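1. Model the following, please.
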Amino acid sequence: MRVLAIVVLFVLCANAAHAGAWRITKDHWSEADEKGFSEFVQSIGESDCNTSQSCVRGKANPYHGTDPRSFDIDADCAKWPYFLRAYYASKNGLPFSFVNGISGEGNQKFGGSNNATSRHDITDHGGGINAPPTILQVMASVFSGTYRTDASERKGVRSDFYSPKLQPGSIRPGTAIYDVNGHVGIVYKVDSDGRIYYMDAHPDFSITRSVYGAQFGHPPARLGGGFKNWRPFRLVGAHRDGSGALIGGHTVYADNNQIADFGLEQYYGTEPNPKNDENKARYTYNGVELGPFEYVRVAVSGGKTSYNPVYELKMTMKTLCNDLNDRAQYVTQAIVEHIEKKAHPARLPDNIYETGNLEWETYSTPSRDARIKTGFAQFYKDLKNMIELWIERDPRIVYDGLVLKADLVQTYEEAAASCTMTYVSTQQRPVTLTFDEMMSRLFAMSFDPYHCVELRWGATGDELSSCSDSSSKRRWYAAEQRLRNQIDRTYGVYMGFDIGDLERAAPHSGVDSPPPVNIKSLIDGMGERTAFQPMTPVGR
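-> Residues are numbered from 1 along each chain as shown. As a prediction, this is how the structure comes out:
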């Protein structure tokens, strides 16, 4: 099949000399080109398209009428940013190149850090490039492991991305966001208050939109998580033909120290950190110490620190709902493949978040679950802080309603009513979970693919009665509770526990209690403002 695909691709490329051919007329991407790309991505992100195909075919894409009807775009999360970049290049006479070979522990999906070993330049050999099959070739060559490269790389083949400084303009539409559990988003808008909106594609080729936050975690630089900008390069050694198109040549990529807005503070913090220890990263802005995600927002907004609790609640619940429904796809995949019917291994992988066990990598959800739980826990803290600031009449809280608690209750109820998830039980019956139910059982949802679907969704009581798991598997479920309580993804530590290790609470086997996440209880129990006391003028 692979040989046939290559032959078909060759035939398609041989017929590239037509009016719509990709002609390379520029030897690099200028600031104007980057601005145009950002506007292109933002237009698609702000549209109502909901699949990769509809986004390309829709009117938000200014080039939607220039493609052949046979051009099918089926993109998952890793391929979507590459598609958008290559597609824009093809429509604007721009050069393009991509990493098509990586090596390292993480060259499948997760694992350790990867190194780029080879790249492929899109080259015009005369007569133009047939864009559709060439773009499909790009998409076939990249996957989530392509993003998993050391952000501080200094040698070898350069990766396609670099780590940008956290400042206004450096995080922009077109910036990729990599979650080292194997998920990728692409920024489509940064608002004036520093909220970073991103869209992501999924295995069913759907497109969803969310707001950046703690769900992406704080991974080490060696895994390359977080914000990633496209690395600058130049096409050299090419010559122009009679039409002005650049023929031949090869790409030369910029080193990190040649990029004006390269920076590693997203990993190491803004304060002295001699050993570059991500666990000791500290962030301050104008002398005020902030959490890493709060710092991102303040830094990219240029120092703005205003918050509207009602709006923050609405947007965050939408993001959390998207993440819960994303999880459903991966749980369903394990059930479809009947992984839950297999015997449970005697030990967990050496690291449940950073594993070389292909079956575990493909069908388990410890990183994805930690991502969701982190998002809930972080927003609980953020909302609690916003409520306290509002009670104290802090000017950073922007709210012009009459009763904040009533508005938060109404917003929560509306957002929760629009968020449900349905799974099919072991007995093939649909079970629908509300947002409140999913939130209440976050730390009961099993990440272990060898458990029944009911345990994967934290069922108890009658809902659990259809689960056919053996007593041994139920024991594993109980023993993994401390790991489920943990929201931090601990990379680089040994976690190859047997069931006895878990029951003895071996080091790195989790924590005894989970953090608070019940947003509804927080709102219901919030205090009232004290009566306003005008300040007494000085000297009276």
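
2. what about the stretch 1-150 of the chain, any weak spots by pLDDT?
-> The model of the stretch 1-150 of the chain has pLDDT under 70 over residues 1-20, 104-113.

3. So which residues of it form helices?
-> Remark: helices assigned in the stretch 1-150 of the chain by DSSP state H, counting those that start in this stretch are 2-14, 31-45, 52-57, 79-91, 131-141.

4. looking at the ones you listed, which is buried most?
-> Most buried of those, by mean neighbour count (mean count of other Cβ atoms under 10 Å): helix 79-91, with a mean of 24. Any C-beta I mention is one placed from the backbone N, CA and C, and that applies to glycine too.

5. quick one: that helix to helix 131-141, angle?
-> Helix 79-91 and helix 131-141 are oriented at 150 degrees to each other (axes from the mean of the first three to the mean of the last three Cα atoms, to 10 degrees).

6. just checking, what packs against helix 79-91?
-> With contacts taken as 3 or more Cβ pairs under 8 Å, 6 or more residues apart in numbering; DSSP states H and E, helix 79-91 sits against helix 31-45, helix 52-57, helix 131-141, strand 183-190, strand 196-201.

7. Distance to residue 468 for the ones you listed - can I get that in CSV?
-> Compiled in CSV, the helices and strands packed on helix 79-91 are given as follows (distance: least, Cβ to Cβ, whole Å):
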stretch, distance to residue 468
helix 31-45, 44
helix 52-57, 37
helix 131-141, 39
strand 183-190, 31
strand 196-201, 34
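
8. Tell me which of the ones you listed sits nearest to residue 487.
-> strand 183-190 (16.6 Å; Cβ to Cβ).

9. Show residues contacting the closest one.
-> 41-42, 44-46, 77-78, 80-81, 84, 144, 147, 171-179, 196-200, 209-210, 212, 227, 300-301, 326, 368, 371 (Cβ atoms under 8 Å, 6 or more residues apart in numbering).

10. Paired strands for that strand, with orientation please.
-> strand 176-179 (antiparallel), strand 196-201 (antiparallel) (DSSP bridges).

11. Pull the distance from it to the chain's centre.
-> 7 Å (Cα atoms, centre = their mean, to the nearest Å).

12. next one: stretch 431-449
-> 21 Å.

13. Kindly format the C-alpha coordinates of stretch 513-520 as CSV.
-> Below are the C-alpha coordinates for stretch 513-520, written out as CSV (Å, rounded to 0.1, in the frame of the first residue of the first chain):
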residue,chain,number,x,y,z
SER,A,513,-6.2,13.4,49.1
PRO,A,514,-7.3,15.2,45.9
PRO,A,515,-7.5,19.0,45.7
PRO,A,516,-10.9,20.7,45.8
VAL,A,517,-12.6,21.0,42.4
ASN,A,518,-16.3,21.5,43.1
ILE,A,519,-16.9,24.9,41.4
LYS,A,520,-20.7,24.8,42.2
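
14. Now do it, average pLDDT.
-> Stretch 513-520 shows a mean pLDDT of 97.

15. What's the end-to-end length of stretch 437-446?
-> Taking Cα to Cα, to the nearest Å, stretch 437-446 runs 15 Å from one end to the other.

16. Pull out the buried positions in that stretch.
-> 437-440, 442-443, 445-446 (16 or more other Cβ atoms under 10 Å).

17. re earlier: please indicate which of the contacts of strand 183-190 are buried?
-> Buried among the contacts of strand 183-190 (16+ other Cβ under 10 Å): 41-42, 44-45, 77-78, 80-81, 84, 144, 147, 171-179, 196-200, 209-210, 212, 227, 300-301, 326, 368, 371.

18. quick one on the thing from earlier: out of the helices of the stretch 1-150 of the chain, which comes closest to residue 273?
-> Closest approach to residue 273 among the helices of the stretch 1-150 of the chain (Cβ to Cβ): helix 79-91, 29.5 Å.

19. angle of that closest one against helix 31-45?
-> Per the same axes, to 10 degrees, the angle that helix 79-91 makes with helix 31-45 is 130 degrees.

20. Would you mind pulling the contact partners of helix 79-91?
-> Residues outside helix 79-91 that contact it (Cβ under 8 Å, 6+ apart): 22, 36-37, 40-41, 44, 52, 56, 63, 66, 73, 75, 94-96, 98, 122, 129, 131, 134-135, 138-139, 142-143, 174, 176, 184, 186, 199-201, 207, 230.

21. Which strands or helices does the biggest helix by length in the chain pack on?
-> Longest helix in the chain, counting residues (DSSP state H): helix 309-336. Packed against helix 309-336 by the contact rule (3+ Cβ pairs under 8 Å, 6+ apart) you find strand 207-211, helix 358-363, helix 366-391, helix 404-417, strand 420-424, helix 435-440, helix 453-456.

22. what's the next secondary structure element after the shortest one?
-> To tie it back to what came earlier, the one meant is helix 453-456. As assigned by DSSP states H and E, the chain's next helix or strand after helix 453-456 is helix 461-464.

23. Just the buried positions in the helix or strand following that following helix, please.
-> Next helix or strand after helix 461-464 toward the C-terminus (DSSP H and E): helix 471-479. Buried residues in helix 471-479, counted by 16+ other Cβ under 10 Å: 473, 476-477, 479.

24. which of these lies closest to residue 524?
-> Using Cβ to Cβ, these come closest to residue 524 at residue 477, 30.8 Å.

25. Relative to residue 228, how far out is residue 163?
-> 7 Å (Cβ to Cβ, to the nearest Å).

26. How about residue 426?
-> From residue 426 across to residue 228, the span is 41 Å (Cβ to Cβ).

27. try residue 341
-> Taken as Cβ to Cβ, the span from residue 341 to residue 228 is 39 Å.

28. same question, residue 102
-> 15 Å.

29. for residue 408, same thing?
-> Following Cβ to Cβ, the distance that separates residue 408 from residue 228 is 35 Å.

30. Equivalent analysis for residue 197, please.
-> Residue 197 is 17 Å from residue 228, by Cβ to Cβ.

31. re the thing from before, can you report the mean pLDDT over the residues of the longest helix of the chain?
-> pLDDT averaged over helix 309-336 gives 91.

32. So which bits of it are buried?
-> In helix 309-336, counting by 16+ other Cβ under 10 Å, buried: 309-310, 312-313, 315-328, 330-331, 334-335.

33. and what of stretch 494-505?
-> For stretch 494-505, by 16+ other Cβ under 10 Å, it's 495, 497, 499, 501-502.

34. Also stretch 159-169?
-> 159-166.

35. So for residue 426 and residue 228, which residue has more residues nearby?
-> More crowded of residue 426 and residue 228, by other Cβ atoms under 10 Å: residue 228, with 24 against 16.

36. between the buried residues of stretch 159-169, which is nearest residue 385?
-> Among the buried residues of stretch 159-169, and counting by Cβ to Cβ, the member closest to residue 385 is residue 166, at 20.6 Å.

37. For the residue nearest to that closest one when sequence neighbours are not counted, list the residues it contacts.
-> The shortest distance from residue 166 to any residue other than its chain neighbours is 4.2 Å, reached at residue 299 (Cβ to Cβ, 6 or more residues apart in numbering). Contacts for residue 299 (Cβ under 8 Å, 6+ apart) come out as 166-167, 194, 285.
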